[in-house]
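A.B. asks: please find the sequence and the predicted model below.
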Amino acid sequence: MTQLKVIVEKHTDGYVAYPLGLKGIVVGEGNSYDEALADVKSAIRFHIETFGEDVLQTDTPVLEAFVVETAISAS
């Protein structure tokens, strides 16, 4: 069994989830946290079945993920 870190974001119109440390783009969504997590897990399985286990970046695993807020000027 492979362990992946998944980011789940709450938006005004639902939830979006995506994994870290996976080659390619995989996104799940849902009306609840659980729906988004189930959807992204299904999408990850499909991604691995389609492209093979090479999409797992085991040589550079994500050890921790942080959410930070920063300001950027427009110019």
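C.D. replies: The structure has been received and is ready for your questions.
A.B. asks: which residues touch Ala38?
C.D. replies: Ala38 makes contact with Gly28, Gly30 under the criterion C-beta atoms under 8 Å, 6 or more residues apart in numbering. C-beta here means a position set from N, CA and C on the backbone, and glycine is covered the same way.
A.B. asks: that one should be in a helix, yeah?
C.D. replies: Yes: Ala38 forms part of a helix when assessed by DSSP: H, G, I helix; E, B strand; the rest coil.
A.B. asks: what sits opposite the closest residue to Asn31 other than its chain neighbours in the beta ladder?
C.D. replies: Using C-beta to C-beta, 6 or more residues apart in numbering and skipping residues adjacent in sequence, the residue nearest Asn31 is Gly14, 5.1 Å away. On the basis of DSSP bridges, Gly14 takes part in beta bridges with His11.
A.B. asks: contacting residues for Gly14?
C.D. replies: Per C-beta under 8 Å, 6+ apart, neighbours of Gly14: Glu29, Gly30, Asn31, Ser32, Ala36.
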